[in-house]
Every structure is written in structure tokens, then in C-alpha cells.
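Q: Here is the input, now give the coordinates:
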Amino acid sequence: MTDDLPFEGLRVLDLSQGVAGPYCGMLLARNGADVIKLEPTGTGCWSRQLGKTVDDHTAHSLVVHRAKRSLALDLKTPEGCEIARRLAADCDVIIQNYRVGKIDRFGLDYEAVRQTNQAVVYLSITGFGATGPRAGLPATDSVMQAYTGLMSINRDASEMPQRINMLAIDFACGLYAFQAVAAGLYRKAMKGVGKHIQTSLLEASLAYQEAALVESALQGDTVEPIGMPVGTFRTGDGYMSINARRQPQFERFAKLLERNEWIADSRFANPRARVENREVLLALIRPEIESKTTDEWCALLTDIDVLHGPVHTHQDVFQDDQVKAVSALRWVDDPVLGTVPMATLPGQPAPVTGDRYTLSPRLGEHTREVLTELGHDAEAIADLIRSGVAQAAD
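A: The predicted structure is shown next:
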């Protein structure tokens, strides 16, 4: 996995916690950067408490800290702050997601770091942004899914707004942030200047939903589907997604169901009519789809070239032949969580067991190593650990 990684030689100080900032840092690390993950002593990054915990890891901490080095410091101590400032002075990239103004008290804000590191690419992630009436408020993925309207367009059968049951906005923000940092590093390489990148979960969520937002602006709060028939259907033994909205696909679909009369029916004769009469059309289709199994429908729809897909569980995905064929997931051995699935990042080689780029550090696993690189001898490091300024994994 280490051949020709584009960010080899770059050094990153990741001060962020949670998911969005750490995920950006992980993407930099997986592309070759030396990412030092500075975590609070005690509990570490709060991604380590998201969900089921095994030792000091969760599924989320395993994913967002891969390929990093963990340095555990207490920034509430002068000594801890001094160590962090020394690191910041020598890093190409700094990532932080403190609430607005909170990072300043450590002397690690952009203006302070810029005094000793003028070309730094500095990423600040907040919940709602750096200005405005909500600038000082905290935000999480669930808060932002509600606040930015994502839940309003994801409703259950009773019209209750639902959150996407994963940290979609956090991960989207991490991806957007990685893109912005990569662009900032290119700018630095070409022009020799750094950059302060400021973004937020709010901005990432709106960027993620941009097409839906345009639809809402054009259509109002009751946004129409992109076409009909499009949706999730119950089969004889499960569920599947079918998309036969284009006219040739709809006609082939109607013939498959032996409903040729739909093609000439004025209610369904063209895409616009099908959207306007969607409830009538869906009511006719649903019992038809329930008459066969998912596999049977997949075979029939494949034969007539109509878009479809079975609704898989993650357990199904683990066994899927296509996923295996393109190595979209690999199973790798982790010393804490055992054998776990690991996704292949687009554009990178498939992960393999034993490669350091597949490993996620324990809290403070590299504390001694990083402090040694900063010039501390073994006795000084032991003193820092004994005093609680630093923490090292056993």
C-alpha cells in the first residue's frame, strides 16, 4: 500500500475529535502523510466512545484513526501546550474542530501558529460556522441532519422525519475537508503560501444536499420524485429497489408484467403523467412485485435492462460476489477488534493485514516515539507521563 503515496513526507497535526476532522486526517494518513493524532489524556478522542467499545476502540475510532500515530497530551497543562505548539510549528497541515474561540486559549489558533509556521495549511471545522447567531453552539451529525432539512426529505410511511442511520454528515464533511486541504497543499506547492480553511458541518450538509435544495427551491416543500416508477418494493422474500422511470424502461417493465395497457394509458403514457399519478401506479405495481422472490425479479429485470438492486444487509454485502470481485472490501486483522472489514479507498490499493496503513493506534500508542523525536530523553518522557502531562499505552 506504500507505493507512490502522494503525501509522503508531509506532516499533519490532528487536534480534532469525533469523526469529521479525524476522517479528514485519516485520508491524509492513508495517502502517505505522517499524521500525529493529539488526543486528550484519559478517554482520548471521543470517537473512542461512539458505540460498542472494545478496549479503547470502537468501530468509528478504528476507521477514522487508521495509519495515524497517537500522542496523548493534557493541553490544560503548560507543558502539554508547549509540546503541541512545537509540533504545530513544524507541521504542513493542522486540523482542529474546537468550538469557535476555544482553540485560542492553547495558543494553537491559526493566527498564533502562523507566527512560527507561515506556510501552514490550517483546517478549522465547526458545527454551524465561525460567525452568525449559532456560531458558538455545538453540533453533531444528528443535529445537523435535522437542522439542514435532510431528515425532512427522508420520511417513513407515517411521514415521520428520519435521520440516516449513520454519521453521513460527519463523513461527508471529512471528505469535503480532505478535498479542501489537498487543494490547499497544491496551492502551497505552486505558490509557497499557506491557507486557513474554515468550514462546518452546516456547510458540508448543504453541499451534500445541493441538488435536493434546488429541487425544493423550484418545487416548494413537497418535492416530487425524480421519476416513476422509482422506489423500494416488497418482494416475496425481501425488498428491492426498482428504477424504470425512463420511457423505454417503463415500456419494457410494463410488458414484463403483462400490463401492455399501461403504455397507452394516459395516466402513465409519459414520465410527467407517471409522476402526477404515482400513487395509482405504485398501487398497481406493488402486488405484482410481491408475487416473486428478489432473486427472480433480479433475473427478469436484468434480462430487460431495467435498473434494479436487492436491498442488502451489511451481512449480505460481506458475502457479495461483486464486492469480492473488485476488492471493495477486504478483511484485515486488527490487534484490538480482531478480523474486521476494511473498505478500499478509491484510487488506492486494497488493504492487507499487517500493513501499517490498516492499523489504528491505541490511545497514546506513539507518545514516547513522538516525544523522543521532539528531543525528550527517556527520563524526561517518564516525568511527563508520571505528572499526567502525557499518557502512553501499556
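
Q: Would you map the helices across the stretch 201-350 of the chain?
A: Using DSSP state H, counting those that start in this stretch, the helices assigned to the stretch 201-350 of the chain run over residues 201-208, 210-219, 247-256, 261-264, 271-276, 278-289, 294-303, 314-319, 321-325.

Q: Can you give me the distance of L73 to E369?
A: Using Cβ to Cβ, to the nearest Å, L73 is found at 14 Å from E369. No exception for glycine: its C-beta is placed from N, CA and C like everyone else's.

Q: ok so, going back, of all the helices of the stretch 201-350 of the chain, which one is nearest F128?
A: F128 sits nearest to helix 201-208 of all those, at 5.0 Å, using Cβ to Cβ.

Q: and that closest one, what other elements does it pack with?
A: helix 141-147, helix 168-191 (3 or more Cβ pairs under 8 Å, 6 or more residues apart in numbering; DSSP states H and E).

Q: out of the ones you listed, which comes closest to R155?
A: R155 lies closest to helix 141-147 among the helices and strands packed on helix 201-208, at 12.7 Å (Cβ to Cβ).

Q: neighbouring contacts of that closest one?
A: 19, 127, 139, 150-151, 161, 163-164, 167-170, 201-202, 205 (Cβ atoms under 8 Å, 6 or more residues apart in numbering).

Q: so how far is it from its chain's centroid?
A: From the chain centre to the centre of helix 141-147 is a distance of 15 Å (Cα atoms, centre = their mean, to the nearest Å).

Q: Tabulate the CA atom coordinates of it in PDB.
A: Extracted in PDB, the C-alpha atoms of helix 141-147 (Å, rounded to 0.1, in the frame of the first residue of the first chain):
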ATOM      1  CA  ASP A 141     -24.400  14.700  12.900                       C
ATOM      2  CA  SER A 142     -27.900  14.100  14.200                       C
ATOM      3  CA  VAL A 143     -28.400  17.800  15.000                       C
ATOM      4  CA  MET A 144     -27.300  18.800  11.500                       C
ATOM      5  CA  GLN A 145     -29.400  16.200   9.700                       C
ATOM      6  CA  ALA A 146     -32.400  17.800  11.400                       C
ATOM      7  CA  TYR A 147     -31.300  21.400  11.100                       C
END
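
Q: would TSV of the helices and strands packed on helix 201-208 with mean neighbour count, mean pLDDT and distance to M240 be doable?
A: Listed next are these as TSV, based on neighbours: other Cβ atoms under 10 Å; pLDDT from 0 to 100; distance: least, Cβ to Cβ, whole Å:
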stretch	mean neighbour count	mean pLDDT	distance to M240
helix 141-147	19	96	26
helix 168-191	19	97	22
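
Q: Redo these as CSV? Include distance to E279.
A: As requested, those are exported to CSV (distance: least, Cβ to Cβ, whole Å):
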stretch, distance to E279
helix 141-147, 27
helix 168-191, 28
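
Q: among those, which is nearest H308?
A: H308 lies closest to helix 168-191 among these, at 23.8 Å (Cβ to Cβ).

Q: With just CA atoms, put the closest one into PDB.
A: Extracted C-alpha coordinates of helix 168-191, given in PDB (Å, rounded to 0.1, in the frame of the first residue of the first chain):
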ATOM      1  CA  ALA A 168     -23.500  10.800   7.000                       C
ATOM      2  CA  ILE A 169     -22.800  14.500   7.500                       C
ATOM      3  CA  ASP A 170     -19.700  13.900   9.600                       C
ATOM      4  CA  PHE A 171     -18.200  11.600   6.900                       C
ATOM      5  CA  ALA A 172     -19.300  14.000   4.100                       C
ATOM      6  CA  CYS A 173     -17.700  16.900   5.900                       C
ATOM      7  CA  GLY A 174     -14.500  14.900   6.300                       C
ATOM      8  CA  LEU A 175     -14.400  14.200   2.600                       C
ATOM      9  CA  TYR A 176     -15.000  17.800   1.700                       C
ATOM     10  CA  ALA A 177     -12.400  18.900   4.200                       C
ATOM     11  CA  PHE A 178      -9.800  16.500   2.700                       C
ATOM     12  CA  GLN A 179     -10.500  17.800  -0.800                       C
ATOM     13  CA  ALA A 180     -10.000  21.400   0.500                       C
ATOM     14  CA  VAL A 181      -6.800  20.500   2.300                       C
ATOM     15  CA  ALA A 182      -5.400  18.700  -0.800                       C
ATOM     16  CA  ALA A 183      -6.200  21.800  -2.800                       C
ATOM     17  CA  GLY A 184      -4.500  23.900  -0.200                       C
ATOM     18  CA  LEU A 185      -1.400  21.800  -0.300                       C
ATOM     19  CA  TYR A 186      -1.300  22.100  -4.100                       C
ATOM     20  CA  ARG A 187      -1.600  25.900  -3.700                       C
ATOM     21  CA  LYS A 188       1.300  25.800  -1.200                       C
ATOM     22  CA  ALA A 189       3.400  23.700  -3.600                       C
ATOM     23  CA  MET A 190       2.700  26.000  -6.500                       C
ATOM     24  CA  LYS A 191       2.700  29.400  -4.700                       C
END
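
Q: and after that helix, which helix or strand comes next?
A: Next in sequence after helix 168-191, counting helices and strands by DSSP states H and E, comes strand 195-200.

Q: just the angle between that next one and helix 201-208, please?
A: 80 degrees (axes from the mean of the first three to the mean of the last three Cα atoms, to 10 degrees).

Q: Counting by contacts, list what strand 195-200 packs against.
A: Going by 3+ Cβ pairs under 8 Å, 6+ apart, strand 195-200 lies up against strand 121-126, helix 168-191.
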